[in-house]
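> Next input, structure requested:
(chains A and B)
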Amino acid sequence: MSISVQNLSKRFGDFVALKNISLEVPSDSLTALLGPSGSGKTTLLRIISGLETADEGSILFKEEDVTERSARDREVGFVFQHYALFRHMTVFENIAFGMRVRNAPKPEVRERVNELLHLVRLEGLGQRYPSELSGGQRQRVALARALAVKPRMLLLDEPFGALDAKVRQELRTWLRKLHEEMHVTTVFVTHDQEEAFEMADQVVVMSQGHIEQTGTPQAVFDNPATSFVMDFLGNVNVFHGRVKSGRVEMGPFNLQYDDYQHDEPRNATAYVRPHELDIDRAPSQASLQGTIKQINPAGSVLKVRVAVEEFGVDLNIDVTHYRAKSLDLKLNDKVYVHPRSVRVFMPEPDYVI
Amino acid sequence: MFGKRRSPLPGFAPGMAVTVGWLTILLFIPLVALIAKSFSLTASEFLAAAWSDRARAAYVLTFGAAAVAAIVDVAFGLLFAWVLVRYHFPGRQMLDAIIDLPFALPTAVAGLVYSSLYVKNGWFGRFLVPLGIEGAYSRFAIVLVLVFLGLPFVVRTVQPLLSSLEGDTEEAAASLGASRWQTFRRVILPSLMPALYTGFALAFARGLGEYGSIIFVSTNIPFKSEIAPMLIYSRLEDYNYEEATAIAVVLLAGSITTLMCINWLESRNRRYAR
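Numbers count the residues shown, from 1 in each chain, chains lettered A, B, ... in the order given. Next up is the predicted model:
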């Protein structure tokens, strides 16, 4: 079921949590609300679920306005960061809760709970108490509990935030697969850009109560709309400098920049992603000389830190293992670095009257 | 393994010595003395003293009144704790402080105040007595004063647990379609059960031992409104120490059994709470 958020605003006392937010979540999609803490992503999720009410604006499920409906009547499955399981109930009773309060017939409850225990791969653990389960198992119980009442959508608040890295990775893959099987519109909140990009069909980047950018992971990654998005997507080399007459001067780089042809210089910030920097033994056009200070393997790449003495900056570069091997990179080697692409963002000019 | 593990608190040996010594001198030896004293009676003498019709009537009243009062305390104590934890209103802290008053008030004062309020021309009594409600000099009066004395035990045991309950489990219940009542009945109340058992046990134990206030609000008539501690007292007045201790032993056995039952219920409830 599609969700439509229209002109939503919310404040807590003096703190503005959401400023005039509008968002479309397509039916059956998996959408990530991505942002740093305090960006309003959890508040937005809670307002969609009905656990929180907006000051202004409305929420539509399909074409139906649910703004005035309580959480109880929205038929939304909500999964909390800290599971929020009922400690005094067994796993079975936790999952059955939603059906029990609706007075579903007992055989039907038993059948559905067993089906869900199978789905979340917790067969045989129905009689355990939540305190007897691991974090990952608890979160799967919470998910099964939310799914038991066949919700119109699934909302997850930092679902893997409290889990360790390996379990988190497993659950991500598993949840993505589950989503493909179930076709339930799903929105999840995360501050982890990797998580958002790995799982979602649509990424919504938020900051300070507003939406910075909405799009597919590919679109957001390839064309960050704002410097915030670029910065938040992480791990970039940032240079402060100026643009003038179709050129950009950023510390070590002096490159062509067609978007600004005035001869009056303006401040700008340039971003270069670590994998957009090339490393070589021989100099080329626009390359800089530097010294390798650090080499750390990180999954499929090597993270290399190169100090460019001439400008006093450190560059973070992702190098493939293959490339590193063929160049035979070692600590303190002299190398040449050149950017394959640079993104320049100019702050809004200050108009003076 | 036992000796090697270093405790972060210093002085296991002196700490343990003081604890054991204290319990021995203040608790264990008096209890042994009590039981030893009752052994100076033969079995039939013991039975005659401790299980006479008058004594049995006194036990029933003592345990019955304490139990009824503790049940009432559990209901109202839960409500008070709920109000104090969940709502913010002017005067909340004041109310919070007043809850403890029965702890501090000499029980004789409570007895005096209650009896004067509920007698025929007292503030409450002038309305209640014509309706047939005898709030003074009756069994009802005993329960009434025990309710007053036991209430803070329940409030003070439930309050911390209630304020530590995570709000998100209630939100989870709501999002799963539970009504407020269903959330309370199925989620909140079961989580509070351990505290309610403890509160009940404390209020009940308090009621069993109460003496000072009851002599003021009860007529202390044998078979009708005489509680077991009162009976012990009247045996003591007759210099009949053996019979007094025999009754005391039964009272002791009864209260220990009751407390053990409650503990068992509580622990059965605790499997999940780790």
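> what pLDDT does the residue in the stretch 1-150 of chain B positioned nearest to chain A get?
At 14.9 Å from chain A, B:His88 is the closest residue in the stretch 1-150 of chain B, using CB to the nearest CB. In this view, the C-beta of every residue, glycine as well, is placed from N, C-alpha and C. At B:His88, the model reports a pLDDT of 86.
> That one - that's part of a strand, no?
No: read with DSSP: H, G, I helix; E, B strand; the rest coil, B:His88 is coil and lies in no strand.
> so who does it touch?
Neighbouring residues of B:His88 by CB atoms under 8 Å, 6 or more residues apart in numbering or on different chains: there are none.
> Same question for A:Leu302.
A:Leu302 touches A:295-296, A:318-321, A:324, A:329, counting by CB under 8 Å, 6+ apart.
> of the residues you listed, buried ones?
Buried subset of those (neighbour count, 16 or more other CB atoms under 10 Å in any protein chain shown): A:318-319, A:324, A:329.
> Looking at those, which one is closest to A:Asp65?
Among these, A:Asp318 lies closest to A:Asp65 (CB to CB), at 47.3 Å.
> Doesn't that closest one lie inside a helix?
No: per three-state DSSP, A:Asp318 lies outside any helix segment and is strand.
> any idea of the pLDDT on it?
90.
> Give me the contact list for the helix or strand of chain B with the lowest mean pLDDT.
Scoring the helices and strands of chain B by mean pLDDT, DSSP states H and E places helix B:125-128 at the bottom, with a mean of 80. With contact meaning CB under 8 Å, 6+ apart, helix B:125-128 is reached by B:117-120, B:134-136.
> re earlier: just curious, which of the contacts of A:Leu302 is nearest to B:Glu45?
A:Asn296 (88.6 Å).
> Contact partners for the closest one?
Shown in contact with A:Asn296 (CB under 8 Å, 6+ apart): A:302-303.
> and it, which of the three is it?
strand.
> beta partners for it?
Taking DSSP bridges as the rule, A:Asn296 bridges to A:Lys303.
> From A:His240, how far off is it?
Using CB to CB, to the nearest Å, A:Asn296 is found at 26 Å from A:His240.
> among the contacts of helix B:125-128, which are in helices?
The members of these that map onto helices under DSSP state H are B:117-118.
> Turn the contacts of helix B:125-128 into TSV, including neighbour count.
Shown next, in TSV, are the contacts of helix B:125-128 (neighbours: other CB atoms under 10 Å in any protein chain shown):
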residue	neighbour count
B:Leu117	17
B:Tyr118	25
B:Val119	19
B:Lys120	12
B:Glu134	16
B:Gly135	21
B:Ala136	25
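> The contacts of helix B:125-128: which two are farthest apart?
Farthest pair in the contacts of helix B:125-128, by CB to CB: B:Leu117 and B:Glu134, 12.4 Å.
> rewinding a little: could you pull out the buried residues of the least confident helix or strand of chain B?
For helix B:125-128, the neighbour count (16+ other CB under 10 Å) marks B:125, B:128 as buried.
> from the middle of its chain, how far away would that helix be?
Centroid separation for helix B:125-128 versus its chain: 28 Å, with CA atoms, centre = their mean, to the nearest Å.
> For the following helix or strand past that helix, buried residues please.
Reading on from helix B:125-128 to the C-terminus, the next helix or strand found by DSSP states H and E is helix B:139-164. If you call a residue buried by 16+ other CB under 10 Å, then helix B:139-164 has these buried ones: B:139-159, B:161-162.
> Quick one: name the residues of chain B near chain A.
Proximity of chain B to chain A (CB under 8 Å from any CB of the partner chain) is limited to residues B:166, B:168-169, B:171-179, B:182, B:186-187, B:190-191, B:193, B:269, B:271-274.
> one step back: check the buried ones among the contacts of A:Leu302 against chain B and report the nearest one.
Nearest to chain B among the buried ones among the contacts of A:Leu302: A:Asp318, at 39.1 Å, using CB to the nearest CB.
> partner residues bridging that closest one?
A:Asp318 forms beta bridges with A:Lys303, as assigned by DSSP bridges.
> Distance check, it against B:Leu146.
Distance, A:Asp318 to B:Leu146, by CB to CB: 75 Å.
> thinking B:Ser213 is in contact with B:Tyr114, fair?
Yes: using CB atoms under 8 Å, B:Ser213 is in contact with B:Tyr114, at 7.2 Å.
> For the stretch 201-350 of chain A, which segments are assigned as strands?
Counting by DSSP state E, counting those that start in this stretch, the stretch 201-350 of chain A has these strands, from start to end: A:202-207, A:210-215, A:237-244, A:247-250, A:253-256, A:266-272, A:277-280, A:288-298, A:301-308, A:313-320, A:334-339, A:343-345.
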